[in-house]
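Visitor: Here's a sequence, model it:
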Amino acid sequence: MISINMGLKRDILRLTGKLVRIDTCSSPMNTAGIRQALGMVSERLEDLGETFEKNGVISRLWRDDKNNLKPKLLLCGHMDVVKAPNYDFKTNNEEGLLLGRGVGDMKGSVVAMVESFRRLRREGLAAGIALLITGDEEVGGFNGARYVVDEIGLRPGVVFIPDGEWNFAICVSQKAPHHLLFRAEASGGHASKAFELTNPDKMVTQTIEKIQKRLSKATEKEPWESTFEITVRHTFVSKPEGGKLGIENSVNSIPGYAEALVSWRFPVEKYNFIKFRKWMDVVANKYGVSVVDLHGGGEGCVVDVNDERVLLWKRVIELVLGKKVSEVRSHGASDARHFYRYPETKILLTSSNVGEFHNDREWASLDGLCKLSEAVYLFGKKGKWR
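Guide: Numbering: from 1, shown residues only. The predicted model follows:
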């Protein structure tokens, strides 16, 4: 195990505290807050970096070679957080924990990378290494990481993303998320005439139940399987028009319009997205239901655990921690899916010692953040990035 100096702890504590106090919600998007937080990172690095913006989403890239969109190593994180009533930052000195919305997901880990990147630069070791911080991962990352990868053309050799609750384990696979809208229409009418009427809510339900028989497979014993679940339902007197909310159906009538939102999550190594998505349309057509793709695209990722750079990280983090690290699979998604679509980029997913994401008990271990930063520094120093 490698000892961590007090200066690093002080620096991580100070910058993390400043960032957590800033409202950087991504739903609704607080563009001003994201810009302010990224400005603090630029100030710490003494480098404005390059700012990219799409649909109000701000991302920023720091790199030594301004003409190189193919760094050998990209450190990647996000500054946005899920909405919370307040952004108070507190420390629990007895437990060594930092508490506050976004401290674990993932401002603390961003700061750990910022400090290691700053150190590598000061020692002249950052050639071939870049840092990207995005602003919309919590709502899909399509205007952040996806934009920078697809439209700006950022293609790293390896992207390192410490975003999860895995306590330094290496994440070998992440499920692909896809969100859909099922909807149906009929004439509607008084509930006393139900035997004469077609119920669009029943049409939607029958469609989803048919699909669930094939795609709702995950259990406590077999968690690494597909889930296909309704998350939101609505019934209206008639179809909503012009993007406006319709008149909610009453308890005494059969609706004229029904819809249900579904979250489908599946391991990409087991399911072919295009094949199953086409099959859903076939099922829906039989019941007179239409299906609309909302977002997700069925994109997950798989990590090549035998890649030499992944193996290097494993050796480095085990040296810093003084213990072996495990491998995990994740049901949640990350910005890794936007890079995984390009075979020239290898994925490296891990995390610090963090937990309780997206609620008022969110925390990060200060010692864990320091060890993450030290490991990233050694990874940058030992790797062949230049």
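Visitor: Tell me the spacing between Glu222 and Leu154.
Guide: Distance of Glu222 to Leu154, given as C-beta to C-beta, to the nearest Å: 37 Å. In short, each C-beta sits where N, CA and C put it, glycine included.
Visitor: Let me fix that, I meant to ask about Val139.
Guide: Taking C-beta to C-beta, one finds Val139 at 20 Å from Leu154.
Visitor: Compare neighbour counts for the two and give me the winner.
Guide: For Val139 versus Leu154, neighbours defined as other C-beta atoms under 10 Å are more numerous around Leu154 (27 against 18).
Visitor: Surely the more buried one and Leu61 touch.
Guide: Yes. Assessed by C-beta atoms under 8 Å, Leu154 is found in contact with Leu61 at 7.1 Å.
Visitor: give me the number of residues near Glu46?
Guide: Applying other C-beta under 10 Å, I find that Glu46 has 9 neighbouring residues.
Visitor: measure it to Val114 for me?
Guide: 12 Å.
Visitor: With Ile4 instead?
Guide: 16 Å.
Visitor: quick one, which of these two is more surrounded?
Guide: Neighbours were counted for Ile4 and for Val114 using other C-beta under 10 Å; Val114 has more, 27 against 17.
Visitor: Just list the residues touching Arg121, thanks.
Guide: Leu45, Asp64 (C-beta atoms under 8 Å, 6 or more residues apart in numbering).
Visitor: Quick check: buried residues in the host helix or strand of it?
Guide: Element membership for Arg121 (DSSP states H and E) is helix 108-122. Residues of helix 108-122 classed as buried by neighbour count (16 or more other C-beta atoms under 10 Å): 108-121.
Visitor: do stretch 284-301 as well
Guide: Ala284, Tyr287, Val289, Val291, Gly296, Gly297, Gly298, Glu299, Gly300, Cys301.
Visitor: Show me what the strand or helix carrying the first one is packed against.
Guide: In this structure, Ala284 sits in helix 273-286 according to DSSP H and E. Helix 273-286 makes packing contacts with strand 176-185, helix 200-215, strand 290-295 when contacts are defined by 3 or more C-beta pairs under 8 Å, 6 or more residues apart in numbering; DSSP states H and E.
Visitor: Now that Asn92 has come up, it's in contact with Leu99, right?
Guide: Yes. Counting by C-beta under 8 Å, Leu99 is a contact partner of Asn92 at 6.4 Å.
Visitor: need the contact list for Asp304.
Guide: Applying C-beta under 8 Å, 6+ apart, the residues near Asp304 are Val310, Lys346, Ile347.
Visitor: in which helix or strand would I find it?
Guide: Using DSSP H and E, Asp304 maps to neither a helix nor a strand.
Visitor: From here on, call the first residue 699.
Guide: Shifting the count to begin at 699 puts that one at Asp1002.
Visitor: Could you measure from it over to Thr896?
Guide: 51 Å.
Visitor: if we can go back for a sec, how about the helix holding Ala982: buried residues?
Guide: Phe971, Phe974, Arg975, Met978, Val981, Ala982.
Visitor: Leaving aside the residues adjacent along the chain, what's closest to the third one?
Guide: In this case it means Arg975. Nearest non-adjacent residue to Arg975, counting by C-beta to C-beta, 6 or more residues apart in numbering: Gly996, 7.1 Å away.
Visitor: Looking at that neighbour now. What's its pLDDT?
Guide: Predicted confidence (pLDDT) for Gly996: 86.
Visitor: Confirm that it sits in a helix.
Guide: No. With DSSP: H, G, I helix; E, B strand; the rest coil as the criterion, Gly996 is located in coil rather than a helix.
Visitor: list the contacts for it?
Guide: Contacts of Gly996 (C-beta under 8 Å, 6+ apart): Ala874, Pro875, His876, Trp962, Phe964, Val966, Phe971, Arg975.
Visitor: Show me how the record splits this structure into domains.
Guide: 704-872+998-1080, 874-993 (automatic domain parsing).
Visitor: Give the residue spans of the stretch 849-998 of the chain that score low on pLDDT.
Guide: 940-943 (pLDDT under 70).
Visitor: quick revisit: need the winner for burial among the helices and strands packed on helix 971-984.
Guide: Of the helices and strands packed on helix 971-984, the one with the most neighbours on average (mean count of other C-beta atoms under 10 Å) is strand 874-883, at a mean of 21.
Visitor: From Gln910, how far off is Tyr985?
Guide: In terms of C-beta to C-beta, Tyr985 sits 13 Å off from Gln910.
Visitor: Name all residues that make contact with the spatially most central residue of the chain.
Guide: In the chain, the C-alpha nearest the mean C-alpha coordinate belongs to Ser1032, at 3.0 Å (C-alpha atoms, centre = their mean). Applying C-beta under 8 Å, 6+ apart, one finds that Ser1032 lies in contact with Glu835, Ile859, Asp861, Gly862, Gln872, Cys999, Leu1047.
Visitor: need the residues you listed in JSON lines with secondary structure and distance to Cys723, can you?
Guide: Listed next are the contacts of Ser1032 as JSON lines, based on DSSP: H, G, I helix; E, B strand; the rest coil; distance: C-beta to C-beta, whole Å:
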{"residue": "Glu835", "secondary structure": "helix", "distance to Cys723": "12"}
{"residue": "Ile859", "secondary structure": "strand", "distance to Cys723": "21"}
{"residue": "Asp861", "secondary structure": "coil", "distance to Cys723": "17"}
{"residue": "Gly862", "secondary structure": "coil", "distance to Cys723": "21"}
{"residue": "Gln872", "secondary structure": "strand", "distance to Cys723": "24"}
{"residue": "Cys999", "secondary structure": "strand", "distance to Cys723": "26"}
{"residue": "Leu1047", "secondary structure": "strand", "distance to Cys723": "24"}
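Visitor: how about these in TSV, adding distance to Arg1084?
Guide: Below are these laid out as TSV (distance: C-beta to C-beta, whole Å):
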residue	distance to Arg1084
Glu835	29
Ile859	22
Asp861	26
Gly862	29
Gln872	30
Cys999	27
Leu1047	24
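Visitor: Give the buried subset of those residues as a ChimeraX selection command.
Guide: Here is the ChimeraX selection string for the buried members of these, based on 16+ other C-beta under 10 Å:
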select :835,859,861,862,872,999,1047
